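Asker: quick one, fold the following:
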Amino acid sequence: MESCHIIFKGRVQGVGFRYTVMDIARTYPVKGFVRNLITGDVEVKVEGEKKIIEDFIKSIEKEMKRYIRKSEIDWGEYSGEFSKFEVRF
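Answerer: Residues are numbered from 1 along each chain as shown. Okay, here's the model as predicted:
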C-alpha cells in the first residue's frame, strides 16, 4: 500500500475537476480526497495499491487533459488515515 499526493496545475478550477475526480475514484479501490487550493490548483491525496493509484492518476489525466498543464506527484508511506474518497472544501 502507498500514499500519493498530487497537485494538478492549469485551468483546473471551475471546470468540474473535483467531481470528475470523485466519479473516477468510485471506479477504483482508493481512499483520500480532492480539493481546490487557493493557488488555483487542485490537490489530490490518495491511498491504495501503487498500480491502482497509477491507473487512477492516468484516468484523471486522460479525462481532464485539456485542463491540466502540469502534474506534481509525490509518493509516500501509507498511513491508513482515510476511510473513503471525498471532495473536501
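Asker: got a list of contacts for stretch 5-21?
Answerer: Contact partners of stretch 5-21, identified using Cβ atoms under 8 Å, 6 or more residues apart in numbering, comprise 34-37, 40-46, 57, 60, 63-64, 67-74, 76, 87. (Glycine included, C-beta is placed from N, CA and C.)
Asker: got the buried residues for that stretch?
Answerer: Neighbour-count burial for stretch 5-21 flags Ile6, Ile7, Phe8, Lys9, Gly10, Val12, Gln13, Phe17, Arg18, Thr20, Val21 (criterion: 16 or more other Cβ atoms under 10 Å).
Asker: just stretch 42-52 next, same as before
Answerer: Val42, Glu43, Val44, Lys45, Val46, Glu47, Gly48.
Asker: which residues touch the longest helix seen in the chain?
Answerer: In the chain, assigned by DSSP state H, the helix with the most residues is helix 50-63. Around helix 50-63, the neighbours that count as contacts under Cβ under 8 Å, 6+ apart are 2, 4, 6, 8, 20-21, 24-25, 27-30, 44, 46-48, 68, 71, 73, 75.
Asker: and if you look at stretch 34-48?
Answerer: 1-9, 12-13, 17-18, 21-22, 25, 28-33, 53, 56, 60, 78-82, 85-89.
Asker: and stretch 59-67, which residues are buried?
Answerer: Residues of stretch 59-67 classed as buried by neighbour count (16+ other Cβ under 10 Å): Ser59, Ile60, Met64, Tyr67.
Asker: tell me how many other residues crowd the closest residue to Tyr78 other than its chain neighbours.
Answerer: In space, and not counting its chain neighbours, Tyr78 is closest to Met1: 3.8 Å by Cβ to Cβ, 6 or more residues apart in numbering. Using other Cβ atoms under 10 Å, Met1 has 12 other residues around it.
Asker: wait, Met1 sits on Glu49?
Answerer: Yes - using Cβ atoms under 8 Å, Met1 is in contact with Glu49, at 6.3 Å.
Asker: in what helix or strand does Pro29 lie?
Answerer: Here Pro29, judged by DSSP states H and E, is contained in no helix and no strand.
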